[in-house]
Every structure is written in C-alpha cells, then in structure tokens.
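[1] Provide a 3D model corresponding to the input given below.
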Amino acid sequence: MSKVKFIFALLFLFILFVVPLPHVLAESISDDNIVIESGETLDSTSFLSGENVRVDGDINGTTFVTAGYIEINGTIDGDLFVMGQSTVINGQVNGSVFIAGQDVTLNGVVENSIYLAGATVRVNSQTEGSSFLAGQNIFIDKEAVIKKDVFVGGASVYQNGVINGDLTSSSDSLTIGGEIGGNLTYSSQKQADLTENSQVRGETTWRKIERQPTEDTSTALFTMAVLYKVLFSIGTALVIWLFVHLLRPTFWVKLATKLLQSPLKTVGFGAIAIIVIPLLAILLMLTVIGIPLSFIVLMLYGITLYVSKIIVSVSIGVWIQERLQWPSTRLFWLFLLALTIVSALGVIPIVGMITGVVTLLFGMGAVTLSILSERI
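    Below you'll find the predicted structure:
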C-alpha cells in the first residue's frame, strides 16, 4: 500500500502545482480514518485516502479511494475507483466499479460494468453490465445477478450466481453451481465440476490446459511479475490521466499539441530541463532560505518525470487521430493503445531504457514549454 499512497501523493502535488484550476472542481480528503457519515453528501468528484475509509453517506460524482481497509455503504453517483488491501462495497454505484486489492467483496447494485482484481474476489452484486474478474480465488455467489457477459481469470473459480450472458473462464479449476444464460467457454486442467443445480443454456466449450513442467515454474513466476508490473503501470497512469481529465478536460490534449507542433524543440527543452532543474535545486539548497523551495522543485521534477509516459501516449494518440482523421471520441482508445505499448516496451532490456529516455525528453520538454508560455 505504501507504493500506492506514494503515487496518489504525487498525483495530488501534480494537480496542486502543475495543473492550473480556475476553481475547485473536486473534493480531496486525506486522514488516517475517514468516515462519511450517513446523511452526509459530497457533491463533487471525490478523492479519499487514508488507513481506513468508510462511506455511509452519498457521493455525487466519480470517486477515487485508496486505503488499507475500505467499506462503502452509501450511494456513489458515478464511477468508483478503489485501491485497498481489503475492500467491501455494500452500497449502490450508479456507474462502473474498478477495484484492485488483496480481498475484494462486491455487494449491492452496480449500474454498469465491474472490473475486479485481487487474491480473493467475491461477487454478490447485481449489475446491469459485464464483469471482468481476476484473482487467485474467485467466487460468484448465489446472490449475484450479472445481466451481461463475465470474463474470469484465476486459479479457482466458483460460479453459483446468475449470469444472463456468456461465461468465459481461464483457471486451474472451475465449479458451476448456478445459471449461465449464454455459452460457457473455459480453459482449465480438468473439466468443470457441474453440480446438480447448475444450468448452462448455451454451448459449452472446454480447452484443456496441459500442466507445465516443474522447471518452468520460475519462468512462469517471472512472467507474472513482469505482467503485474506492466498492468500496474497502466493502471496508475490511467488513474492520473482520468483525475486530471476530470478537472481540466483539455489539459493532456493541449500538452500533446504543443509537443507535436515542435517535436525537436520539445526534445531540446526536455534535455535542458532534465539537466538544469536538479542543478538549480542543489544551488537552492546551498542557501538555507532556499531549502524548502528546492524540495518543491525536486518534487515537481519527479512528478513531471512520472507523467511523461502519459504525455507521450496522448501525443501518439492525437497524432494517429489526426493522420487517420478519426473523430475525437476514439482518442481515449488510441491513448490506451499507445500507453499499453509504451508500458510494455518499458520492461524490455535495452529497448526499455531507450523508450524511457525518449519519453522523459518529450514529456519534460512539453511541460517546460507549457510553463514558459504560462498557459496550458
């Protein structure tokens, strides 16, 4: 959790110092123990960060939560993004739900789709959308009613609820005790265990997974570690992108436009900034009165380095959109594609180092030019 909190701290500082806001558009609450009491309402996009977070009231807006233990009993009128060690959602979410953590339990009602990842994932909710579940042990309990398709990846999967659409699963073992209104397509080491109460209305397709040799275990673990690193990188970047986008919808596109207008100039200013800013911070430290300012400069420097990947990915998306003359509605998917490619390249030896250097030069240069022009 310390890594997640550090990322959110950088995010808050980035918004505070880099993104110019004409007025407050979101509410941020950070404390060891946060409680939104029953009857209390937050009427804007909200960011909650602490050791323990409990929401008994209502939040009218997209909500971001990061904490050790999280319990949400009220109504979220918007999408919900959660990172926590233990998460329990009992309330209603009038949007989609995105949760990553150790233990994840989703109850209540979800208007759109759900995206859950954790060691233990338990779904008791009713949702109008599809479900994407990943974890060690995944339980779709009897109370669960999922109106559309379900996609599952895990070690052990238990489906005891009602799925109106298809179930697509990849796991070591699969147990079916509930209803599947569509097709069942699954990959596992052995055939699924269908109890007497199970019902599959569509076709069933099984692909057997051959057990891997013991000597391949270390390779598999390494592959999983790399995959987790890439997914975590993409996930945190998306949270930061969305956070800033909600506050300033044109912020990322304007940075990308500045980069694309003068790419060589951007790289040049990026190289200068990468070298000069740390030297400036050191000089400020030599003057006692400048020490606080030097720390602020270094924090902003680190934040800009971190978000460079987002800036470059958005720029690639804008470039493709302009070349293909696609509508702006496709820009997010182009950005997501570029972000996935950049993140994947980042874990490849040598290629990752080159990608990182190029990304830093362009990202730092775009931010530096924007600050110098005094308007983003």
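
[2] where does the prediction get shaky in the stretch 101-250 of the chain?
    The stretch 101-250 of the chain contains residues with pLDDT under 70 at 210-226, 228.

[3] spell out the residue ranges of the helices in it.
    In the stretch 101-250 of the chain, the helices defined using DSSP state H, counting those that start in this stretch lie at 217-247.

[4] packing partners of the top helix by length along the chain?
    Counting by DSSP state H, the longest helix found in the chain is helix 291-324. When contacts are defined as 3 or more C-beta pairs under 8 Å, 6 or more residues apart in numbering; DSSP states H and E, helix 291-324 sits against helix 2-17, helix 217-247, helix 251-261, helix 263-286, helix 331-345, helix 351-372. Placement of C-beta: from N, CA and C, glycine included.

[5] center of this structure - which residue?
    Nearest to the geometric centre of the chain sits G235, at 2.9 Å (C-alpha atoms, centre = their mean).

[6] list the buried ones in the longest helix of the chain?
    294, 297-301, 303-321 (16 or more other C-beta atoms under 10 Å).

[7] pLDDT of it, averaged?
    In this model, helix 291-324 has an average pLDDT of 81.

[8] can you check stretch 264-273 too?
    Mean per-residue pLDDT for stretch 264-273: 87.

[9] do the same with stretch 88-97
    Per-residue scores along stretch 88-97 average to 93.

[10] CA atoms only for that stretch, dumped as CSV, please.
    Only the C-alpha atoms of stretch 88-97 are listed here, as CSV (Å, rounded to 0.1, in the frame of the first residue of the first chain):
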residue,chain,number,x,y,z
VAL,A,88,-16.2,-4.2,0.9
ILE,A,89,-18.8,-2.5,-1.3
ASN,A,90,-22.3,-2.8,0.1
GLY,A,91,-23.9,0.3,-1.4
GLN,A,92,-25.2,1.3,-4.8
VAL,A,93,-22.9,2.5,-7.6
ASN,A,94,-24.5,4.4,-10.5
GLY,A,95,-21.6,3.8,-12.8
SER,A,96,-18.8,1.2,-13.2
VAL,A,97,-16.6,-0.2,-10.5
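
[11] could you pull out the buried residues of it?
    Those would be 88-93, 95-97, for stretch 88-97 by 16+ other C-beta under 10 Å.

[12] burial measure for Q136, as a count.
    Per other C-beta atoms under 10 Å, the neighbour tally for Q136 reads 13.

[13] I'd guessed it sits against T120; true?
    Yes - between Q136 and T120 there is a contact under C-beta atoms under 8 Å: 6.5 Å.

[14] which residues are in contact with the residue sitting furthest away from the middle of the chain?
    Going by C-alpha atoms, centre = their mean, the residue of the chain most distant from its centre is T287, 40.7 Å out. Residues near T287 by C-beta atoms under 8 Å, 6 or more residues apart in numbering: none.

[15] ok so, going back, can you tell me which of the buried residues of stretch 88-97 comes closest to V342?
    Nearest to V342 among these: S96, at 24.5 Å, using C-beta to C-beta.

[16] V276 versus the residue nearest to that closest one when sequence neighbours are not counted, what's the distance?
    Excluding its sequence neighbours, the residue lying closest to S96 (C-beta to C-beta, 6 or more residues apart in numbering) is N112, at 4.1 Å. The gap separating N112 from V276 is 47 Å, by C-beta to C-beta, to the nearest Å.

[17] higher neighbour count, these two?
    N112 (15 against 12).

[18] I'd guessed that one sits against F132; true?
    No - at 11.8 Å, N112 does not count as touching F132 under the criterion of C-beta under 8 Å.

[19] what about the closest residue to R207 other than its chain neighbours, distance to D149?
    Distances taken as C-beta to C-beta, 6+ apart put S187 closest to R207, at 4.5 Å, once the chain neighbours are dropped. According to C-beta to C-beta, S187 and D149 sit 16 Å apart.

[20] of the two, who's got more company?
    Neighbour count, other C-beta under 10 Å: between S187 and D149, D149 has more, with 19 against 16.

[21] with adjacent residues omitted, what lies nearest to that one?
    Distance criterion C-beta to C-beta, 6+ apart; nearest residue to D149, sequence neighbours excluded, is G165 at 3.8 Å.

[22] contact partners for the one you found?
    G165 sits next to 130, 146-150, 181-182 when contact means C-beta under 8 Å, 6+ apart.

[23] show me those residues that map onto strands.
    146, 150 (DSSP state E).

[24] which pair of the contacts of G165 spans the longest distance?
    Spanning the widest gap among the contacts of G165 are S130 and G181, at 12.9 Å by C-beta to C-beta.

[25] distance check, the residue nearest to the centre of the chain against W241.
    Distance, G235 to W241, using C-beta to C-beta: 11 Å.

[26] re earlier: any idea how far T205 is from the residue nearest to R207?
    Counting by C-beta to C-beta, the gap from S187 to T205 is 9 Å.

[27] surely D32 touches G50?
    Yes - assessed by C-beta under 8 Å, D32 is found in contact with G50 at 5.5 Å.

[28] so which of the two has more stuff around it?
    G50 (20 against 9).

[29] what residues are up against the more buried one?
    29-34, 67.

[30] tell me the pLDDT at it?
    Per-residue confidence (pLDDT) for G50: 80.

[31] now it: phi and psi?
    When quoted as degrees, to the nearest 10, the phi and psi of G50 stand at phi -180, psi -170.
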